[in-house]
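Asks: sequence first, predicted coordinates after that:
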Amino acid sequence: MMTTWTVQNGRLVLHNGPEEAAAATDIAAARPVWIDLVSPTPEEVRAVQSALRLEIPTREEMQEIESSSRLYKEGDALFLTAPFLYGVEMGEFGSTAITFVLTGETLVTVRYATPKAFAVFAARAQRQPGLLSSADAVMLHLFEQVVDRLADILERIGADMDRASQLAFRTARARIKASAKDADLKDVLITLGQVGEVTTRASETLLGLSRILTFVGAEKATAVRRENQGLIKTLVRDVRSLVEHANFLNNKANFLLDAVLGIINVEQNAIIKTFTVASVALMPPTLVASIYGMNFQLMPELHWKLGYPLALVLMVVSAVLPIYYFRRKGWL
């Protein structure tokens, strides 16, 4: 789908769908400030390329990881591609490559998913057409919305991690049923796994934004209007602070993961120790029973009237003595 955004006389003019804006002549005549291509059709791509006289990267080209393939300049147009986090609210999150093509008059975004920051910015732009004053302003305000969204995600992740931390250590101290304890620790491990995944993808998005802003900053004399250049410095500072916060959350997640695994190991060791003590305590009675279970003819004890009760007493004593010894040593 293709959406074109145009500001005329201070009012926003929005065109949706190929039936309204797929012709190259219509796009050129409208002089849009922003063209948003979401899973575009070949016809839409050709119309934009013909109207703006540039080549839109394919989906395969957007997936390339080389900096020269993601950040480059052709004529007066900047081509900027970075991975963006999406789908955190639905629980089916992932990263999608989004390309920003910045020309003097128009910003073209090419994407195959919809991060929430794009939807929020589109709603804001309809209320505040001033956000679409120029193509570079659209791009920078979009980046600003992405940064705000990532800050909210990292804040929520921090809260989830605090709850997981409290649950893990409270579970370790509490004397409750093992099944409930195991369920709580399992929930903590799942939460930490999700936190680590989201934090990693958020860091990937921040890294991509940092590279884009560095590239745009080097080209700002020709690509960004003077009144918008200050926003680049603000975005760079915000991205750096979020990168540091994401690294802190990663380190905290690793610490909590080690702590939870340590708690699980302690509980498993206690269970293994119980089985070990039980097996050691049963070894002497088993030895006694094995001796008197042999079928030799010359075994005087077999003819004793008190042989059977004495054997039972001997087995009980031989089982109790190791347990008493373990308790004296503090192993139980």
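Replies: Thanks, I have it.

Asks: now the spatially most central residue of the chain: which helix or strand?
Replies: Closest to where the C-alpha atoms of the chain average out (C-alpha atoms, centre = their mean) is Val198, at 1.3 Å. Assigned by DSSP states H and E, Val198 falls within helix 178-218.

Asks: could you give the mean pLDDT of that helix?
Replies: Mean per-residue pLDDT for helix 178-218: 81.

Asks: could you list the domains of this protein?
Replies: Per automatic domain parsing, the structural domains of the chain span 54-267, 270-329.

Asks: please identify the deepest-packed of these.
Replies: domain 54-267 (a mean of 17; mean count of other C-beta atoms under 10 Å). Every C-beta, even on glycine, is put in place using the N, C-alpha and C of the backbone.

Asks: now the end-to-end length of that one.
Replies: 63 Å (C-alpha to C-alpha, to the nearest Å).

Asks: that one: how far from the chain's middle?
Replies: 9 Å (C-alpha atoms, centre = their mean, to the nearest Å).

Asks: measure the closest residue to Arg240 other than its chain neighbours to Leu14 for me?
Replies: Spatially, and ignoring its direct neighbours in sequence, Arg240 is nearest to Ser210 (7.5 Å; C-beta to C-beta, 6 or more residues apart in numbering). Ser210 sits 31 Å away from Leu14, going by C-beta to C-beta, to the nearest Å.

Asks: Gln297 now?
Replies: Gln297 is 106 Å from Leu14, by C-beta to C-beta.

Asks: what of Leu242?
Replies: 31 Å.

Asks: also Leu312?
Replies: 92 Å.

Asks: pretty sure the residue nearest to Arg240 sits against Asp238.
Replies: No - contact between Ser210 and Asp238 fails when scored by C-beta atoms under 8 Å: they sit 10.5 Å apart.

Asks: residues shared between the contacts of the two?
Replies: Counting by C-beta atoms under 8 Å, 6 or more residues apart in numbering, Ser210 and Asp238 have no contacts in common.

Asks: circling back to that earlier point, distance of the residue nearest to the centre of the chain relative to Asp152?
Replies: 12 Å.

Asks: repeat that for Glu61.
Replies: Glu61 is 31 Å from Asp152, by C-beta to C-beta.

Asks: got it, and Leu142?
Replies: From Leu142 to Asp152 the distance is 16 Å (C-beta to C-beta).

Asks: Ile35 too?
Replies: 27 Å.

Asks: any idea what Leu85 is structurally, helix, strand or coil?
Replies: strand (DSSP: H, G, I helix; E, B strand; the rest coil).

Asks: surely it and Leu207 touch.
Replies: No - between Leu85 and Leu207 there is no contact under C-beta under 8 Å: 11.5 Å.

Asks: give me every residue that touches Leu85.
Replies: Residues near Leu85 by C-beta under 8 Å, 6+ apart: Phe93, Gly94, Ser95, Pro115, Leu150, Ile153, Val198, Arg201, Ala202, Glu204, Thr205.

Asks: please read the previous query as pertaining to Met315.
Replies: Shown in contact with Met315 (C-beta under 8 Å, 6+ apart): Pro284, Pro285, Val288, Ala289.

Asks: for it, report the pLDDT, please.
Replies: pLDDT, Met315: 87.

Asks: which element is it on?
Replies: helix 307-329.

Asks: so where is the stretch 1-150 of the chain shaky, pLDDT-wise?
Replies: 17-26, 28-30 (pLDDT under 70).

Asks: at 80 instead, please
Replies: Within the stretch 1-150 of the chain, the ranges that satisfy pLDDT under 80 run 8-31, 65-69, 89-92.

Asks: helices of that one, start to end?
Replies: 18-21, 24-30, 42-52, 59-62, 67-70, 116-127, 135-173 (DSSP state H, counting those that start in this stretch).

Asks: in JSON lines: these, plus distance to Ala270.
Replies: Converted to JSON lines, these look like this (distance: least, C-beta to C-beta, whole Å):
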{"stretch": "helix 18-21", "distance to Ala270": "66"}
{"stretch": "helix 24-30", "distance to Ala270": "70"}
{"stretch": "helix 42-52", "distance to Ala270": "63"}
{"stretch": "helix 59-62", "distance to Ala270": "53"}
{"stretch": "helix 67-70", "distance to Ala270": "52"}
{"stretch": "helix 116-127", "distance to Ala270": "46"}
{"stretch": "helix 135-173", "distance to Ala270": "12"}
